[in-house]
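Undergrad: Any chance you could fold what I've pasted below:
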Amino acid sequence: MATQFIKKVTSSSPHSPLSHRSKTTSSQYVASRFRDATFEKFMDHYKNLLKVISIQDLILANPSNNPPSVSVDFLNRLSQKLHLNRGATAFLRKYPRIFEIYYDPTLSKPYCKLTPTTMQISKDESAAINDTHPLVIDRLTRLLSMSLSKTLPLRAIFKVWRELGLPDDFEDSILSQNPHLFNILDAHEPNTHLIKLVTTPSHEKLTAAVENWRITECCKDDCSVDRTEMRFSFKHGYPPSMKLKKNLRAKVKEWQKLPYTGPYEEFTSVKKRSKTGVMEIEKRAVAIVHEFLSLTVEKTVEVEKISHFRKWFGIDLNVRDLFLDHPGMFYLSTKGKRHTVFLREGYERGCLIEPNPVYVIRRKLLDLVILGRRGLRSDDYKMSSSESEEEDDDLQETENDQGAIL
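TA: Predicted structure coming up:
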């Protein structure tokens, strides 16, 4: 379990996100967290976007088909894996601006393809990623630099290739094209490879994202943090509806002053039994996951995916609990039958504060998900009974998500 810097600073209510961890299980800790209405509303659409992307990837994986397509029967067989509760057909018909179902007379069965608008969004995203290869190389270099051995398993990188904005052929276009930076090694396990950083940049050349905030904050006349405490501080923000106790504010202020080893600094894993030593190790872990999220295109990632890096980063803590321990920095959502963490400081009203080219294009696909069938004439698109059940099922899934537990 993650070592908490916050003890029992709120009432004994089991619904408080800051309740004493020793009296709750990890799953209860997740269930009792504070719900941020803005992020939860965003996740209502984002969870369906993830399903759309999964189907889109399957369609684009068949370029030999003209146009790229996949049979609806095949998608129906994958419904459970794709979390399509009422089957693929009902889900596809919910998004006519994204998918088009047509009948192939030659094969005598229905197929699904992407609409011209969606195909163009996919091409634009690939072009934007290709135009940012130097940035992609920098992200990989930073990720490897946070590893204790400057090495990461290739399968872990595959887990987050989309989050990092990597091209789908990054093994060839990035790794193989830069042998002076990256080396692919065979691991001890069969069919497992490692990526090793050939030359490790000095930590002076790698500035963590939080350092940029500290510099900007120090230059403000209305700086919210004491400048003498800024050296080890992180940006915190809480929604207006989240009531904070005075002793919680005091604990956070104390934690902000605590020195720690930065994500790019050399770290020796030494067991420290003192309270201060334990807190320093925990703060280093917070700094690493903060930097990890800062490197992602959308400042968000599934907790399960980032957990694959835990051992390599030298984090001997439960990453999920780590996010819950710091609600002013991270927000954890359980919608969509997955645990997704957001970097709070990166978002405002469900949108990225500093959008990048890849995010801007991806947002267009999310906008199509939000539109759904809205604006279409009923004569052009009628909802079948199965689709109506799908919408009812979405409501049920939302209710289930409120108490989702891994």
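Undergrad: what does the average pLDDT come to for the helix or strand encompassing K251?
TA: Counting by DSSP states H and E, the element that carries K251 is helix 246-257. Averaged over helix 246-257, pLDDT sits at 88.
Undergrad: Toward the C-terminus, what is the element adjacent to it?
TA: Assigned by DSSP H and E, the successor of helix 246-257 is helix 275-295.
Undergrad: Alpha carbons only: can I get that next one in CSV?
TA: Extracted in CSV, the C-alpha atoms of helix 275-295 (Å, rounded to 0.1, in the frame of the first residue of the first chain):
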residue,chain,number,x,y,z
LYS,A,275,9.1,9.0,8.9
THR,A,276,10.9,11.7,6.9
GLY,A,277,12.8,9.1,4.9
VAL,A,278,9.6,7.3,3.9
MET,A,279,7.9,10.6,2.9
GLU,A,280,10.9,11.5,0.7
ILE,A,281,10.7,8.2,-1.1
GLU,A,282,6.9,8.7,-1.6
LYS,A,283,7.4,12.2,-2.8
ARG,A,284,10.0,11.0,-5.4
ALA,A,285,7.3,8.5,-6.6
VAL,A,286,4.8,11.4,-6.9
ALA,A,287,7.4,13.4,-8.9
ILE,A,288,7.9,10.5,-11.3
VAL,A,289,4.2,9.8,-12.0
HIS,A,290,3.6,13.6,-12.3
GLU,A,291,6.4,13.8,-15.0
PHE,A,292,5.1,10.7,-16.7
LEU,A,293,1.6,12.2,-17.1
SER,A,294,3.2,15.5,-18.2
LEU,A,295,4.9,13.6,-21.1
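Undergrad: Name the residues that touch the next helix or strand after that helix?
TA: Remark: after helix 275-295, the chain's next helix or strand is strand 300-302, criterion DSSP H and E. Identification of contacts with strand 300-302 by C-beta atoms under 8 Å, 6 or more residues apart in numbering yields 160, 163, 292-293, 338-343. Where you see a C-beta, it was placed from the backbone N, CA and C, and this is true even at glycine.
Undergrad: Now the biggest helix by length in the chain: average pLDDT?
TA: Ranked by number of residues, the top helix in the chain under DSSP state H is helix 37-60. Averaged across helix 37-60, pLDDT comes to 95.
Undergrad: Would you give the sheet partners of the next helix or strand after that helix, along with the direction of each?
TA: Downstream of helix 37-60, the first helix or strand assigned by DSSP H and E is strand 69-71. Partners of strand 69-71 in the sheet, by DSSP bridges, are strand 109-114 (antiparallel).
Undergrad: in the partner strand, what's buried?
TA: 110-114 (16 or more other C-beta atoms under 10 Å).
Undergrad: Just send those back as TSV, with pLDDT and distance to Y95 too.
TA: Converted to TSV, these look like this (pLDDT from 0 to 100; distance: C-beta to C-beta, whole Å):
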residue	pLDDT	distance to Y95
P110	94	16
Y111	95	16
C112	96	11
K113	96	13
L114	97	10
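Undergrad: List the contacts of the longest helix of the chain.
TA: Under the contact criterion C-beta under 8 Å, 6+ apart, helix 37-60 has outside partners 68-70, 74-75, 78, 82-84, 88, 91-92, 95, 98-99, 112-114, 118, 122, 162, 239, 241, 331, 333, 335-336, 338, 340, 342, 347, 349-350, 365-366, 369-370, 394, 398, 401.
Undergrad: repeat that for 7 Å
TA: 68-70, 75, 82-84, 91, 95, 98, 112-114, 122, 239, 331, 333, 335-336, 340, 342, 349-350, 365-366, 369-370, 398 (C-beta atoms under 7 Å, 6 or more residues apart in numbering).
Undergrad: one step back: which of the buried residues of strand 109-114 lies closest to I129?
TA: L114 (17.9 Å; C-beta to C-beta).
Undergrad: The nearest residue to that closest one once chain neighbours are set aside - how many residues pack around it?
TA: Residue nearest to L114 in three dimensions, not counting chain neighbours: I59, with 5.8 Å by C-beta to C-beta, 6 or more residues apart in numbering. Look at I59: counted by other C-beta atoms under 10 Å, it has 22 neighbours.
Undergrad: and the residue lying closest to Y29 once chain neighbours are set aside, what does it touch?
TA: Nearest non-adjacent residue to Y29, counting by C-beta to C-beta, 6+ apart: L324, 5.8 Å away. For L324, the contact set (C-beta under 7 Å, 6+ apart) comprises 17, 29-30, 33, 332.
Undergrad: Looking at these, which are in helices?
TA: Filtering those for helices - DSSP H - leaves 29-30.
Undergrad: re earlier: okay, buried residues for the helix holding K251 please.
TA: So, applying 16+ other C-beta under 10 Å, buried residues of helix 246-257: 248, 251-252, 255-256.
Undergrad: Stretch 38-47 too?
TA: 39-40, 42-44, 46-47.
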